[in-house]
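[1] Sharing a model prediction with you, sequence too.
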Amino acid sequence: MRWTDVTVRQMKADPNKRLEVPAPNKPSLYLVIQPTGARSWCVRYRFSGKPRKLTLGSFPKVSLAMAYDATDKAASALAHGIDPAAAAAKRAGDDGDTSVAAHVVKYRERHVVKLRKGTQGYVNRELDRMLTKWPGRSLASIRKEDINTLIADAAARGSSAENTSWAVIKGFFSWCEEQLTDYTSPARTIGRPNKATERDRVLSDDELRAIWNACPDDAAGRLCKMLMLTGARRDEMASLLRTEIKADAIVLAKERTKTNERHEIALTPLMRSVLAETKGNGKYALTGTDYPVSKSSRITAG
């Protein structure tokens, strides 16, 4: 069977393990599918009698055609006695620093900066805790026991913090596994500490009415009302731009949503009346200034 980009996109992930699927008609090229569904490419080969791995990048940023072309170039390099992975590391400016700290720096520069601002905040906090716990440690020296101890420390802050610590640590080491030759994440088989619980608490009409009436006549009050009317996330509404308000809908670009998907919310007359309360001509719809609604504790007080 010949692959296409659609074929690659539709391949199913195994929630319990990382998969490496060999590409048809292209020996040594593999599609790596993480349990989360994230996909990337790698080329496996031997150099000087030893197994080697060249990481090509994530899909769909690196398309099937690009992966095929990179594999051909790797084969050509091998034919001329050049190690493709070593050559790629040299081009990328790899300084050979094998410490956890050095890899955290690269992870932040190449991955974390692409995340939403709110996500960046908690990821960086967990990475800082990791560096404090393992000062001077090399990446290769970290064992499953070290990770379990770090996650257990987070349990003192609650089950949610424990799950967050697990997710960030696991994500970091999975990224390292994708980037490095012959490296296996020590967190690969560590499962989520606590089951994610669904929130089934629903406010009654009387409770919603009481909250609505208690909302102050300011940006914080308008935010609270818009959250009740739209069901959107707090950060999405707090940073609502006037340009995102269309004739009959609020349209949030994928860069503004947690799911990284474009989100459209039907605009009702009551939403319009709340938005109309904003004074000023700034770019943010709820403040009327060039600054979004503050995240200070005053919003949730009382």
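    Received the coordinates, thanks.

[2] Quick check: closest non-adjacent residue to the residue nearest the centre of the chain.
    Geometric centre of the chain, nearest residue: residue 115, 5.5 Å, by C-alpha atoms, centre = their mean. Spatially, and ignoring its direct neighbours in sequence, residue 115 is nearest to residue 123 (6.6 Å; C-beta to C-beta, 6 or more residues apart in numbering). Backbone N, C-alpha and C define where each C-beta goes, glycine included.

[3] in the one helix or strand the one you found maps to, what counts as buried?
    For residue 123, the element it lies in under DSSP states H and E is helix 117-133. Within helix 117-133, the residues that count as buried by 16 or more other C-beta atoms under 10 Å are 123, 126-127, 129-131.

[4] hang on, the earlier thing: and the residue nearest to the centre of the chain, what are its phi and psi?
    phi -80, psi 170 (degrees, to the nearest 10).

[5] Relative to residue 258, how far out is it?
    From residue 115 across to residue 258, the span is 10 Å (C-beta to C-beta, to the nearest Å).

[6] again, but for residue 266
    Using C-beta to C-beta, residue 266 is found at 20 Å from residue 258.

[7] quick one: which of the two has more around it?
    Using other C-beta atoms under 10 Å as the criterion, residue 266 and residue 258 rank with residue 258 on top: 12 against 9.

[8] And the more buried one, its phi and psi?
    phi -70, psi -30.

[9] Contacts only, for residue 263.
    By C-beta atoms under 8 Å, 6 or more residues apart in numbering, the residues touching residue 263 are 232, 236, 251-252, 254, 256-257.

[10] Tell me which two in those residues are the farthest apart.
    232 and 254 (14.3 Å; C-beta to C-beta).

[11] Let me see the mean pLDDT of stretch 250-260.
    Computed over stretch 250-260, the mean pLDDT rounds to 85.

[12] Check which residues of it are buried.
    250, 252, 256-257.

[13] cool, stretch 259-274 as well?
    The neighbour-count check on stretch 259-274 (16+ other C-beta under 10 Å) flags 263, 265, 267, 271, 274 as buried.

[14] do the same with stretch 232-249
    Buried-residue list, stretch 232-249, by 16+ other C-beta under 10 Å: 232-241, 244-245.

[15] again, but for stretch 276-296
    So stretch 276-296, judged by 16+ other C-beta under 10 Å, has buried residues 278, 282, 284-288, 292-293.

[16] And those, which is closest to residue 63?
    residue 292 (36.0 Å).

[17] I'd say the closest one and residue 284 touch.
    Yes: here residue 292 reaches residue 284: they are 5.1 Å apart, a contact under C-beta atoms under 8 Å.

[18] Would you mind giving me the confidence score for the closest residue to residue 113 other than its chain neighbours?
    With C-beta to C-beta, 6+ apart as the measure, residue 120 is the residue that lies nearest to residue 113, at 7.2 Å, once sequence neighbours are left out. As predicted, residue 120 sits at a pLDDT of 89.

[19] Please report how far residue 120 lies from residue 99.
    Residue 120 is 22 Å from residue 99, by C-beta to C-beta.

[20] I'd assumed residue 283 was in contact with residue 240.
    No: applying C-beta under 8 Å as the test, residue 240 and residue 283 come out as separate, 9.9 Å apart.

[21] domain ranges for this structure?
    5-91, 100-179, 205-299 (automatic domain parsing).

[22] Could you tell me which ranges of the stretch 51-200 of the chain sit under the pLDDT cut-off?
    90-96, 181, 196-200 (pLDDT under 70).

[23] ok, which stretches of the stretch 51-200 of the chain are strands?
    For the stretch 51-200 of the chain, no strands turn up when DSSP state E, counting those that start in this stretch is the criterion.

[24] quick one, helices of the stretch 1-150 of the chain?
    In the stretch 1-150 of the chain, the helices defined using DSSP state H, counting those that start in this stretch lie at 5-10, 64-79, 84-91, 100-110, 117-133, 144-154.

[25] now the ones you listed in TSV, with distance to residue 27?
    Converted to TSV, the helices of the stretch 1-150 of the chain look like this (distance: least, C-beta to C-beta, whole Å):
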stretch	distance to residue 27
helix 5-10	17
helix 64-79	9
helix 84-91	14
helix 100-110	29
helix 117-133	37
helix 144-154	33
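
[26] so which of these gets nearest residue 208?
    helix 117-133 (25.2 Å).

[27] and the closest one with helix 100-110, angle?
    Inter-element angle recorded for helix 117-133 and helix 100-110: 170 degrees (by axes from the mean of the first three to the mean of the last three C-alpha atoms, to 10 degrees).
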